[in-house]
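**Q** Next input, structure requested:
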Amino acid sequence: MEEWNLISEQVLNFAGSIIIAIDLDGFFLYMNEYGLNFFGFSPQEIVGKHLVGTIVPAVGSDGSDLKAFCASVFEDPDAHLIIENENISKNGERFWISWSSRKVYFSELQREVIISVGADFTEKRRLEKQVESQQRIAIRNNRLRSIGEMAGGMAHEFNQPLAIIRGAAENILIGKERGWPIDDNELMTRMTRIIEQTERMSKLIEHVRSLSRHADTDDNCIFSIPVVIESALSLVRAQLASRGIDLNMGYMSEELWAQGNPFSLEEALLVILYNARDAIERVEADTSANRKYVEISLSVEQTETGAMARIGIQDSGEGISSEVHEHLFEPFFTTKDPDSGTGLGLASAKSIVEAMGGRIDVDIDLPLGCIFYIWLPVYVKKDGDE
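**A** The predicted model follows:
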């Protein structure tokens, strides 16, 4: 038996993990040699001492109450079989340890103790945090790029109302300078036209502001799918026209409802619409014998899970190869130049649609371009729904 205890002690000491035993109040009964070397303590400095204040700081680097967290572990060890928390060495260096624990009854001690095996994952966590930071920067850059796209769309949308306003104002000014007779009714008509066009621009500005504020929130409501489609098209219609791209709309006029964040859906639609525009522009002029177009469709399809609204966005662009198709919705995957895309657009659109209980498909087996399909569960309005 003594030989077995000696072997067990050697195994514990040579194990490449931190092994500790504490009582149910959090006081140390044992720490193996690996753990002592890792934290920089001697056995005399550990045994009989409390976990908090030795290898666990009372307060985490992020301000979290680790003392209270440890108390919850001691109170119910079975609910904390695997935990990850911040630890500290004797010299004050901080580490992140993953602990696997079990409550064990020791007959020799005639009491239950907690045996924990710890593995240092500080470096892994640092790399994960670094990746998360890079992803946040990439997402922010992607949103800034989207805002830039919307700003470009607004510039095109403003051209027409500004031309109307300028034309009406110049006509009045020239008439007054040259003494042309302008009756009150004609003047009222032209001034009304100016007001209508300024209101049109104000609505567009307010819409973009709302989109920027609410697209990445958890707002949830019942919304009209055709209205959201039209809102997205209002930001790209003039931009497509300026590039000679026809916009065809073949969707149903009756109301079709879904539930979720309408601004998020609009953002997903804009991602696909901007991609369609870019795909069309990448087609060589001499191979573009067919007209350039983007076509929007909306239908209701019966599936095994119920009625689904299907939004189709088809373009006459360069199409998508089977190799690209395999990675199309992966984060950071892009076929564009580094200055033109982050690879987050379609991945973000996919997440948005899936959060609404839908999905995105793409049909690449077409003679020209491709079709993206956004599927959303149809919401049947009930009495009392707004």
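**Q** Extract the residue ranges of this structure that are flagged as low pLDDT.
**A** For the chain, the stretches with pLDDT under 70 are 1-15, 134-157, 159-160, 200, 203-204, 207-218, 251-254, 284-290, 331-344, 383-386.
**Q** mind listing the strands for this protein?
**A** Assigned by DSSP state E, the chain shows strands spanning 18-23, 28-31, 82-88, 94-106, 111-120, 221-224, 246-249, 257-260, 293-303, 306-315, 359-363, 370-377.
**Q** any chance you could map the helices in the stretch 251-386 of the chain?
**A** In the stretch 251-386 of the chain, the helices defined using DSSP state H, counting those that start in this stretch lie at 262-281, 322-326, 345-355.
**Q** Dump those to JSON lines, plus mean neighbour count.
**A** Where C-beta positions appear, they are placed from N, C-alpha and C, glycine not excepted. Formatted as JSON lines, the helices of the stretch 251-386 of the chain follow (neighbours: other CB atoms under 10 Å):
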{"stretch": "helix 262-281", "mean neighbour count": "23"}
{"stretch": "helix 322-326", "mean neighbour count": "11"}
{"stretch": "helix 345-355", "mean neighbour count": "20"}
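**Q** Please identify which of those is closest to residue 122.
**A** helix 345-355 (29.2 Å; CB to CB).
**Q** what's the distance between the closest one and the middle of its chain?
**A** Taking the mean of its C-alpha atoms, helix 345-355 sits 7 Å from the chain's own mean (CA atoms, centre = their mean, to the nearest Å).
**Q** Use 32 as the first number from now on
**A** Got it, the first residue is 32 from now on, which makes the last one we talked about helix 376-386.
**Q** Which strands or helices does it pack on?
**A** With contacts taken as 3 or more CB pairs under 8 Å, 6 or more residues apart in numbering; DSSP states H and E, helix 376-386 sits against helix 153-208, helix 293-312, strand 390-394, strand 401-408.
**Q** For burial, what's the neighbour tally of residue 218?
**A** Residue 218 has 13 neighbours, counted by other CB atoms under 10 Å.
**Q** picking up where we left off before, would you turn the helices of the stretch 282-417 of the chain into a markdown table with distance to residue 65?
**A** Shown next, in a markdown table, are those (distance: least, CB to CB, whole Å):
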| stretch | distance to residue 65 |
| --- | --- |
| helix 293-312 | 49 |
| helix 353-357 | 45 |
| helix 376-386 | 42 |
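**Q** which residues sit against stretch 109-118?
**A** Identification of contacts with stretch 109-118 by CB atoms under 8 Å, 6 or more residues apart in numbering yields 70, 86-88, 91-92, 95, 97, 100, 103-104, 125-134, 149, 152.
**Q** ditto for stretch 348-358
**A** Identification of contacts with stretch 348-358 by CB under 8 Å, 6+ apart yields 307, 309-314, 359, 364, 366, 393, 395, 397, 399-401.
**Q** now, the most widely separated pair of those residues?
**A** Greatest spatial distance in the contacts of stretch 348-358: 364 and 399, 23.4 Å, computed using CB to CB.
**Q** Hmm, residue 200 is touching residue 225, no?
**A** Yes. Contact criterion CB atoms under 8 Å: residue 200 and residue 225 qualify, at 6.6 Å.
**Q** Compare these two and say which one has the larger neighbour count.
**A** residue 225 (17 against 14).
**Q** From the centroid of the protein, which residue is nearest?
**A** Geometric centre of the chain, nearest residue: residue 379, 5.3 Å, by CA atoms, centre = their mean.
**Q** separation between that residue and residue 303?
**A** Here residue 379 is placed at a distance of 11 Å from residue 303 (CB to CB, to the nearest Å).
**Q** Closest to residue 272 out of the contacts of stretch 348-358?
**A** Of all these, residue 272 sits closest to residue 311, with 12.7 Å by CB to CB.
**Q** Surely that closest one and residue 322 touch.
**A** No. Using CB under 8 Å, residue 311 makes no contact with residue 322, being 10.2 Å away.
**Q** Grab the nearest non-local neighbour of residue 133.
**A** Spatial nearest neighbour of residue 133, excluding adjacent residues (CB to CB, 6 or more residues apart in numbering): residue 146 at 5.5 Å.
**Q** Run through the residues that contact the one you found.
**A** The contact partners of residue 146, by CB under 8 Å, 6+ apart, come to 50, 51, 52, 132, 133, 135.
**Q** Tabulate the residues you listed in JSON lines, adding columns for neighbour count and distance to residue 254.
**A** Converted to JSON lines, those look like this (neighbours: other CB atoms under 10 Å; distance: CB to CB, whole Å):
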{"residue": "50", "neighbour count": "18", "distance to residue 254": "56"}
{"residue": "51", "neighbour count": "23", "distance to residue 254": "55"}
{"residue": "52", "neighbour count": "18", "distance to residue 254": "58"}
{"residue": "132", "neighbour count": "19", "distance to residue 254": "48"}
{"residue": "133", "neighbour count": "12", "distance to residue 254": "51"}
{"residue": "135", "neighbour count": "11", "distance to residue 254": "56"}
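**Q** Just name the closest of these to residue 229, please.
**A** Looking across the contacts of residue 146 and measuring by CB to CB, the closest to residue 229 is residue 132, at 67.5 Å.
**Q** What is the neighbour count of the residue lying closest to that closest one once chain neighbours are set aside?
**A** Using CB to CB, 6+ apart and skipping the chain neighbours, the partner closest in space to residue 132 is residue 147 (4.2 Å). When neighbours are counted by other CB under 10 Å, residue 147 registers 24.
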